[in-house]
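Participant: whatever this is, show me its structure:
(2 chains)
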Amino acid sequence: MQSSRYIIKRIILAAVSLFAIITLTFFLMNLMPGDPFMSEKATEENRAILIAKYGLDKPVYVQYGKYLANLAKGDMGTSYVLQKGRTVTEIISESFKVSMSLGLRALLIAVVIGIVFGCVSGLCKDKLPDGIIRVLSSMGISMPGYVIAAGLMIILGVRLGILPINYNRPGGWIMPTIVLATYPASYLTRLTRASILEVMNQDYLLTERAKGMSEFVVVFVHALKNSLIPVITYLGPLTASILTGGFVAESVFNVPGLGRYFVSSISSRDYTMIMGVTIFYSALIVMMNLVCDILYKIVDPRITLE
Amino acid sequence: MKMKKIVSAVLVGAMAAASLSAGVFAEGDKIEISITGGGEDSMELNTAVVGALNGISACRHVYEGLYKIGPEGDTVLGQAESVDVSEDMKTWTFTLRDDITWSDGEPVKADDFIYGFKFLEETAEDYSTILSDIAESYEAPDEKTVVINLKFPCGYLPSVLAFPSTYPVRADYVEEYGEGFATDPEKNVYNGPFTVTDWTHEAEVTMQLRDDYYDAANISVGTIHWILTTDEGSALASFESGELVYSDLCPDEEKPRMDGNGLFYTAGNNNYCVMYNQGEKGNDVLKDVRVRKALALAIDRDRIMAIRDMNDEPGLMLACSGYTNDEGVDFTEYAQPWFDLSDYEANCEEAKALLAEAGYENGEGFPALTYIVNNDSRREIAEAVCNDWKEVLGIDTNGWVQKVENFFATRTAGDYDLAYYGWFMDYTDLSNMFGSMNSMGNANCFWYSDEYQAAYDAATSTVDQKEQWDNYAKCEAVLAEDLPITVILHSMSSYLYDDYNYSGLVYSCGNFIFTYITPNN
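Facilitator: Model prediction:
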């Protein structure tokens, strides 16, 4: 009962947060200098016609009211610049499918590698496997995505010629997935290691061992379960960000995902796209955080949701 | 051992996948190529609104106008079989070919052209006035005839009609699907050599040669995979790995390495200039032609080109080189340059004298100005120019250069003293370059010259080359005299092309046409 009240409260708070984000983004976006119709060859007359056509000549509060009214009907408008004539909903749903498909693979790889390597590293503390895993995870965390992408592209794509560079080719998903998974896998490895080390010193594990439980059960049933709470905290925003793609991986490997719109919609001042991707991403983050909170409760029943 | 087998299997699988993804296959007697061009990750295939180079070039493959770009890069008749031009050159009557169809099998009718012209005017996009600027009216007296009545005799009409904005449009598809009709191959039809068979937005457009295109038998390219990307590094890697046959994206720092390894330089058909605001809001100091002349002479173009290291041509005139007359003389030699670039020291002395004559000896008392640009590369050039003015003329140019976010709006409003100006030609006819400075152009320097306009009008209303060139040369002379702008350089375009395996690429004013590509056997 308490939990369901908590969830309802969180959903209401999420709606309020989303409303605040929409409002803030809309007005900040309108403060940006320029407009979507500036171009080297456009005449002033044509620019004025287009501004009027899309209602951008109206006061900002009128535009805001109209936007909210349309949004309430599920209409996010059509793209002004990036994909003229296509609706924002159509663009986001199409590109999100691609990002999600890539992101789920990357997430799965990151979680499996992160938890397994983190456990191995924690259980073999200060031994050779721990050293190797720590070096590799440090590299994975510190290397920027574009360096990894360029390295993979040059070695596997150009020099060895064993993987295609463009996503649309057979096997084209492999390199962008590796790029997307590298940082979260490395970070999760370190997080799991630290968490395992902390849990392994807890008294209750001593009790489990004293009861005669096998080391496997102690580690993978009792210790791992409790060490997952900080991992779950990180998984919420990670899932949201990895599912919406990455600008670097998508640009370099020509992935038709959502990630590149986060940058290109702003630089091209494609107002409807800026609003669309911001709303979508914010909703996803809010939702994933809620899911994480519920997962805490499942992993550790002592936690109360209130 | 087992591990080795797994690794081998993975590698073999990956190599098989890679071979499938390579840029070229033979499919019967037609070839399949993958290319990227224009540096955009989106694509527009609506001829009335298209403005980016990749979309304009793509439209040239899936649509066709009364004229088209031929295999030699020249303008030749396309959907029209013949043209009859009236004696006063103001009425052009086109007869359509009998064998032209849309990709749904419907014949291309004269009304499709008339609808396309009207549809273009309604869009208010970059090229919406390209035809209405010169055409008084147009009509389709019957299904096979298009008549265009011009406001003035216009020798460059074929270039305009070969430009995608003036291509035909099917009214029934626009009416049924509205604004989004050209965003999905299911909602559109095509009348060019290729039809769009698949379109993954932001990633790839696949075009297939139409069997019922009148010239299909003479085209070797069966399929084009048009990759949509903005990433120069991955475009280069894809070219080097053999995935791409053509790319006009190549990182500048890699160009020296690729020069001779597939990188080609070609005329950019453009200019890069400094513009002086001659309007009310511009600083009075720039309204003195002696000052403008001094500033123009003091620019060390060789140094700027050395900094850029991109095979640029020094700029003296509005037009770039590459336009030759019937005698083989280049226009830049035909029209006399207004000063000698090779003697920079003498030019600097003359500049100092002119500035002193204007009352600013050694730059003393010269007011602070605002020099606006719109990106970092142009900022770099502007700063080099200001440095020359400081070193040679003694003008304190510190803080002049400003990168402005809403650059075009600022320049149009006249809120500047000096600004970047450049024109990238839309088609290879000198009228397009000189039109940028006439009363209909959008140079935004608030300068107007009756003499220039008269020379421009005279040049564009004749087909006599000598008369045309004499008048364009007059335009150059007026610009040299008044100096509303100073040309600094003409940049080159570059592209990567697998010329070892292929021939027949047509590159014209940033447009790339793959229709005529053939394998080298």
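Participant: just the helices in chain A please.
Facilitator: Counting by DSSP state H, chain A has helices at residues A:2-31, A:44-53, A:60-72, A:88-123, A:128-142, A:145-152, A:174-200, A:203-210, A:215-217, A:224-243, A:247-252, A:261-267, A:271-299.
Participant: return the distance of the residue of the stretch 251-400 of chain B found nearest chain A relative to residue B:419.
Facilitator: Minimum separation of the stretch 251-400 of chain B from chain A (Cβ to the nearest Cβ) falls at residue B:374, amounting to 8.6 Å. Any C-beta I mention is one placed from the backbone N, CA and C, and that applies to glycine too. Between residue B:374 and residue B:419 the distance, using Cβ to Cβ, to the nearest Å, works out to 9 Å.
Participant: and the closest residue to the residue of the stretch 251-400 of chain B closest to chain A other than its chain neighbours, how many neighbours?
Facilitator: In this structure, residue B:374 finds its nearest non-sequential neighbour in residue B:407, 3.5 Å apart by Cβ to Cβ, 6 or more residues apart in numbering or on different chains. Per other Cβ atoms under 10 Å in any protein chain shown, the neighbour tally for residue B:407 reads 22.
Participant: isn't residue B:407 right up against residue A:38?
Facilitator: Yes - assessed by Cβ atoms under 8 Å, residue B:407 is found in contact with residue A:38 at 7.4 Å.
Participant: show me the shaky parts of the chain.
Facilitator: Just going to use chain A. Per-residue confidence for chain A (pLDDT under 70) gives these ranges: A:1-2, A:40-42, A:305-306.
Participant: wrong one, I was asking about chain B
Facilitator: B:1-28, B:440-442.
Participant: and residue B:226, which of the three is it?
Facilitator: Classification of residue B:226 using DSSP: H, G, I helix; E, B strand; the rest coil returns strand.
Participant: quick check: beta-bridge partners of it?
Facilitator: Per DSSP bridges, the residues bridged to residue B:226 are residue B:35, residue B:205.
Participant: measure it to chain A for me?
Facilitator: 11 Å (Cβ to the nearest Cβ, to the nearest Å).
Participant: how many residues are close by that residue?
Facilitator: 24.
Participant: same check on residue B:438?
Facilitator: 18.
Participant: for chain B, see how far away the most centrally placed residue in chain A is.
Facilitator: Nearest to the geometric centre of chain A sits residue A:241, at 0.6 Å (Cα atoms, centre = their mean). Residue A:241 is 19 Å from chain B, where distance means Cβ to the nearest Cβ.
Participant: state whether residue B:266 is indeed within a helix.
Facilitator: No - counting by three-state DSSP, residue B:266 is not part of a helix but strand.
Participant: residue B:134 is in contact with residue B:155, isn't it?
Facilitator: No - with contact defined as Cβ under 8 Å, residue B:134 does not count as touching residue B:155 (10.5 Å).
Participant: return the distance of the residue nearest to residue B:374 relative to residue B:372.
Facilitator: 6 Å.
Participant: quick revisit: so who does the residue nearest to residue B:374 touch?
Facilitator: By Cβ atoms under 8 Å, 6 or more residues apart in numbering or on different chains, the contact list for residue B:407 reads A:38, B:372, B:373, B:374, B:420.
Participant: how is chain B partitioned into domains?
Facilitator: By the record's domain assignment, chain B is partitioned as B:1-62+B:192-262+B:498-521, B:64-182, B:267-493 (automatic domain parsing).
Participant: for the stretch 151-300 of chain B, which residues are neighbours of chain A?
Facilitator: Proximity of the stretch 151-300 of chain B to chain A, by Cβ under 8 Å from any Cβ of the partner chain, involves residues B:179-183, B:200-204, B:225, B:227-231, B:233-234, B:237-238, B:240-243.
Participant: oh sorry, the question was meant for the stretch 351-500 of chain B
Facilitator: Counting by Cβ under 8 Å from any Cβ, the stretch 351-500 of chain B comes close to chain A at B:404, B:405, B:406, B:407, B:408, B:409, B:412, B:422, B:424, B:442.
Participant: of these, grab the buried ones for ChimeraX.
Facilitator: To isolate the buried members of those in ChimeraX, using 16 or more other Cβ atoms under 10 Å in any protein chain shown:
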select /B:404,406,407,408,409,412,422,424,442
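Participant: between the residues of the stretch 351-500 of chain B next to chain A, which is nearest residue A:229?
Facilitator: Closest approach to residue A:229 among those (Cβ to Cβ): residue B:405, at 45.3 Å.
Participant: residue B:161 contacts residue B:64, correct?
Facilitator: No - Residue B:161 sits out of contact with residue B:64 when judged by Cβ under 8 Å, with a separation of 10.6 Å.
Participant: which of the two has more neighbours?
Facilitator: Neighbours per residue (other Cβ under 10 Å) separate residue B:161 from residue B:64, with residue B:161 holding more: 29 against 26.
Participant: now the more buried one: how far from chain A?
Facilitator: Distance, residue B:161 to chain A, by Cβ to the nearest Cβ: 19 Å.
Participant: distance of residue A:273 from residue A:95?
Facilitator: Distance, residue A:273 to residue A:95, by Cβ to Cβ: 11 Å.
Participant: number of residues surrounding residue B:246?
Facilitator: 25.
Participant: phi first, then psi, for it.
Facilitator: Dihedral angles of residue B:246 (phi, psi; degrees, to the nearest 10) stand at phi -140, psi 140.
Participant: looking at it, residue B:174 is touching residue B:119, isn't it?
Facilitator: Yes - using Cβ under 8 Å, residue B:174 is in contact with residue B:119, at 6.7 Å.
Participant: separation between the nearest residue in space to residue B:100 that is not next to it in sequence and chain A?
Facilitator: Using Cβ to Cβ, 6+ apart and skipping the chain neighbours, the partner closest in space to residue B:100 is residue B:108 (4.3 Å). Distance, residue B:108 to chain A, by Cβ to the nearest Cβ: 23 Å.
Participant: can you map out the strands along the stretch 101-250 of chain B?
Facilitator: B:135-142, B:145-150, B:194-200, B:204-209, B:221-227, B:246-247 (DSSP state E, counting those that start in this stretch).
Participant: over to the stretch 351-500 of chain B?
Facilitator: B:371-373, B:401-403, B:418-424, B:485-490, B:492-497.
Participant: columns distance to residue A:282 on top of these, output as CSV?
Facilitator: Formatted as CSV, those follow (distance: least, Cβ to Cβ, whole Å):
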stretch, distance to residue A:282
strand B:371-373, 35
strand B:401-403, 31
strand B:418-424, 38
strand B:485-490, 46
strand B:492-497, 41
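Participant: of those strands, which is nearest residue B:385?
Facilitator: Comparing these by their distance to residue B:385 (Cβ to Cβ), the top pick is strand B:485-490, with 6.9 Å.
Participant: what does that closest one rub up against?
Facilitator: Here strand B:485-490 has contacts from B:267-268, B:270-276, B:292, B:295-296, B:299, B:301, B:304-305, B:308, B:312-318, B:320-321, B:381, B:385, B:421, B:437, B:443, B:445, B:479, using Cβ under 8 Å, 6+ apart.
Participant: nice, that's everything, thank you.
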